[in-house]
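Sequence below, structure please.
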Amino acid sequence: MMPLTVKRLAFLFFSALSFAAAERPNVILIISDDHAFDDYGFMGSDRVNTPVLDKLADESLTYTRGYVMPVCSPTLASLLTGKLPHEHRITGNDLSDDRSPRGKREALLDQLQSNSLLLPKALTEAGYLTFQTGKLWNGTYEEMGFTHGMTRKGNRHGDEGLRIGRQTMQPIFDFIENAEAADKPFFIWHAPFLPHTPHNPPERLLKKYRGNGPNPAAEKYYAMVEWLDETTGELEDYLVANGLKNKTVVLYLADNGWDPNHDMWNNHRAKLSPYEKGIRTPMMIRWPGKVRPAMDNVTLAHVTDLPKTILEITGAKDPGDLPGLNMMNRDAMQARDTVFVEAYNHDIANLSNPAKSLFTQVVIHGWWKLLIPTVVDPDRSFATKPEGIELYNLKKDPYEKENLADQHPETVQHLKKLQKAHWDPDKSAACCGHL
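Below you'll find the model as predicted:
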């Protein structure tokens, strides 16, 4: 017969496990699409109306200096894998030479699945019900490890998943009801095709901006941003109405930037470009009662921090090779002084050699930002490549108008060394027989 004390210990142990599982929070990751970092009320915009996102930012630990890749598929792959593009190898949206048209993306899917982490798969294995909506490149929701989802063809962008927000929010509400009925914690990948083109907002929103923007295209974009805000409000209202707000962690970022003040298709220093309008985004985490709200305008945050944070929150398995930080660990976040961004062509030249598509390396060290162009030229007219080494003081010059490289050669050399220590594409290619 098992001694009473051992029985008690066993009971307490398994009770603790059951309690821990029951208490695990739900998680919703919201990913805006083609959204300028400063087009929010809380980021200082007086042109666009974002009351829901402003309130979310006020209730969150918000890092206003977050950094992503300058185009969507590499950023989303970083969220899925927890790694930078030179590691996960999804450096662009498509393979070059028409090798990844609709329905023929097996090589990209295989590459994604070869990584040590696929976030939805890890969460599913940890006991979460997982739901995909909106953008998802290169595979179906099932191939990415979700238990439920909307993307069923695995083409460009996300096929049926793109209905979310623009047409309906009901699939999310139905999924949450099912998860609650099953008494399971849930994870939702909510990546609506907003404010992404086509900029075709409802007339009731567009009329608020007509005549109040720098150009008609910008007015449509601003209305699209408010549409995103409005649909986010529908999700927030649902959580409140169903008593789920305090049991649900919400994280937010944009996949890349935009600049409504310039022609999208002509050298605009935003999407597919290494400038702030292309790669900066606010990043938020709201966990009521657990994470203290704060507006942090100094600390650097990075796209690879979000999957790391979600693994910590959920207790899902961490493969141990992820470069990101837990966003909730304020000491670690504030101690990090450097993050890196990689600007690649829209099309992937070589899956095994990222350097073939790399046109600019970005080092952000405190308030200094260094742009290091390579020999590769952009493959799209709207991608802006620096003509030479560029150095900016972002605290004094957040829109990168004054190149200080000639005035601060020692800072240029220091940041170059940081980049080489982090990743040297020349050595990487040489070691793998690509040069």
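
what sits against the nearest residue to K153 once chain neighbours are set aside?
Distances taken as CB to CB, 6 or more residues apart in numbering place D159 nearest to K153, at 4.5 Å, with adjacent residues excluded. For every residue, glycine as well, the C-beta is placed using N, CA and C. Each residue near D159 by CB atoms under 8 Å, 6 or more residues apart in numbering is listed here: T151, R152, K153.

tell me which strands and helices the helix ranked longest in the chain is in contact with?
In the chain, taking DSSP state H as the definition, the longest helix is helix 216-241. Under the contact criterion of 3 or more CB pairs under 8 Å, 6 or more residues apart in numbering; DSSP states H and E, helix 216-241 touches strand 26-32, helix 51-58, helix 170-181, helix 203-209.

Dump the contacts of D159 into a markdown table; add distance to P25 as well.
Listed next are the contacts of D159 as a markdown table, based on distance: CB to CB, whole Å:
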| residue | distance to P25 |
| --- | --- |
| T151 | 25 |
| R152 | 28 |
| K153 | 32 |
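
so which of these is the most crowded?
Comparing those by number of neighbours (other CB atoms under 10 Å), T151 comes first, having 27 neighbours.

Now do the SS call for the closest residue to that one other than its chain neighbours.
Computed as CB to CB, 6+ apart, the closest residue to T151 that is not its neighbour in sequence is G161, at 4.0 Å. Taking DSSP: H, G, I helix; E, B strand; the rest coil as the rule, one finds G161 in the helix state.

for G161, what are its contacts?
Q132, T133, G134, K135, L136, Y141, G149, M150, T151, A191.

And the pLDDT for it?
If you check G161, the pLDDT there is 87.

And for Y221?
Y221 is assigned 97 on the pLDDT scale.

One more: D321?
Value for D321, per-residue pLDDT: 97.

Excluding covalently adjacent residues, which one is nearest to it?
S116 (5.5 Å).

Tell me the spacing between the one you found and L79.
S116 is 15 Å from L79, where distance means CB to CB, to the nearest Å.

and those two? which has more neighbours close in?
A direct count of neighbours by other CB under 10 Å for S116 and L79 places L79 higher, at 22 against 16.

quick one: contacts for that one?
Applying CB under 8 Å, 6+ apart, the residues near L79 are L29, I31, L119, V303, L306, P307.

pretty sure the first one is in contact with L251, am I right?
Yes. Taking contacts as CB atoms under 8 Å, L29 lies within contact range of L251: 5.0 Å.

Which residues are in contact with each of those two?
With CB under 8 Å, 6+ apart, L29 and L251 have common neighbours L306, I310.

Helices of this structure, start to end?
4-23, 51-58, 72-81, 85-88, 106-113, 119-125, 170-181, 203-209, 216-241, 276-279, 305-314, 330-335, 409-422, 425-431.

And the pLDDT for the residue nearest the centre of the chain?
Nearest to the mean C-alpha position of the chain, by CA atoms, centre = their mean, lies D255 at 4.6 Å. pLDDT recorded at D255 is 98.

hang on, it packs against A191?
Yes. Using CB under 8 Å, D255 is in contact with A191, at 7.5 Å.

shared neighbours, these two?
I31, D33, L76, K135.

Export these to a markdown table and append columns for pLDDT.
A markdown table is the format used below for the shared contacts of D255 and A191 (pLDDT from 0 to 100):
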| residue | pLDDT |
| --- | --- |
| I31 | 98 |
| D33 | 97 |
| L76 | 98 |
| K135 | 95 |
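
can you list the residues you listed in TSV and add neighbour count?
Supplementary listing: these in TSV, determined by neighbours: other CB atoms under 10 Å:
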residue	neighbour count
I31	24
D33	25
L76	28
K135	25
